[in-house]
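**Student:** Just need the structure, nothing else, for what follows:
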Amino acid sequence: MTFNFENSYWKTPTVRLRAIEPADWEVYFSFNQDDDMARRLDEIPLPRSQEAVRRWAEKEATKKPEDDNFRFVIERQDGVAIGDVTTHHCNRRVGTFSYGVAVHRDHRGKRFATDALTLVLRYYFQELRYQKVTVEIYSFNEGSIHLQEKLRFQREGQIRRMGYTDGKFFDHLIYGLTAEEFLAG
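**Tutor:** Coordinates of the predicted model:
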């Protein structure tokens, strides 16, 4: 069955955001083989079997959202999944949330993350009434720093030696963006 997503809130000329599907396990398994991608997000994990990743994707695909925490799969307009955005630490009472974004190395620097994050920010600020988003980035992750600054995030702080990878300690940089700053852009 073919679906028409032309009028979807979750679509731009370059990307579409959607929920994870069980068939996405192969994409996530390939992401797990990319140590550089893993290092920029958190840490290099122990190897996982294809079966374990398949079961994880099945569980994620049927899991009910907790509060406003959600995993969005980023796909190109041709339907190829190239990354994801995961919202977390969503606090409706205060109106704050955080996110993590990952895009496969072959698709970085092509506006996919920018467009995907713009959709997520627009939704959380204009539909769910959140008032601020905060992200933490490793100090060595220059691509992510550039992405946040391109989206007009303000650097709000630095926590020294909070990350460890590749035999070195790294700082966490904290960036924030208010709804007003986003909507003014």
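
**Student:** Excluding sequence neighbours, find me the nearest residue to Y99.
**Tutor:** Setting aside the residues directly before and after it, Y99 is nearest to T87 in space (CB to CB, 6 or more residues apart in numbering), at 4.8 Å. Where you see a C-beta, it was placed from the backbone N, CA and C, and this is true even at glycine.

**Student:** Quick check: R93 vs Q131, distance?
**Tutor:** To Q131, R93 is 11 Å away according to CB to CB, to the nearest Å.

**Student:** what about the two, which has more around it?
**Tutor:** It is Q131, of R93 and Q131, that has more neighbours when counted by other CB atoms under 10 Å, with 13 against 5.

**Student:** coming back round to it: who touches the residue nearest to Y99 in this structure?
**Tutor:** 68-70, 72, 97-99, 120, 124 (CB atoms under 8 Å, 6 or more residues apart in numbering).

**Student:** Then W25?
**Tutor:** W25 touches 50, 53-54, 56-58, counting by CB under 8 Å, 6+ apart.

**Student:** ditto for D34
**Tutor:** 104-105.

**Student:** change the start of the numbering to 21 and stick with it
**Tutor:** Okay, using 21 as the starting number, the last item reads as D54.

**Student:** And it, its phi and psi?
**Tutor:** Note on D54: its backbone torsions stand at phi -100, psi 90 [degrees, to the nearest 10].

**Student:** now it: how far from A43?
**Tutor:** Counting by CB to CB - D54 and A43 are separated by 19 Å.

**Student:** Restricted to buried residues, select the contacts of T107 in ChimeraX.
**Tutor:** Entered in ChimeraX, the line below selects the buried ones among the contacts of T107, by 16 or more other CB atoms under 10 Å:
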select :88,90,92,117,118,119,140,144
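
**Student:** could you show me where the helices are in the chain, in order?
**Tutor:** For the chain, the helices defined by DSSP state H cover 45-52, 55-61, 70-82, 132-146, 162-170, 199-204.

**Student:** What residues sit buried inside the second one?
**Tutor:** The neighbour-count criterion (16+ other CB under 10 Å) identifies 57-61 as the buried residues of helix 55-61.

**Student:** ok, now the third one?
**Tutor:** For helix 70-82, the buried set under the neighbour-count rule, 16+ other CB under 10 Å, comprises 73-74, 76-78, 80-81.
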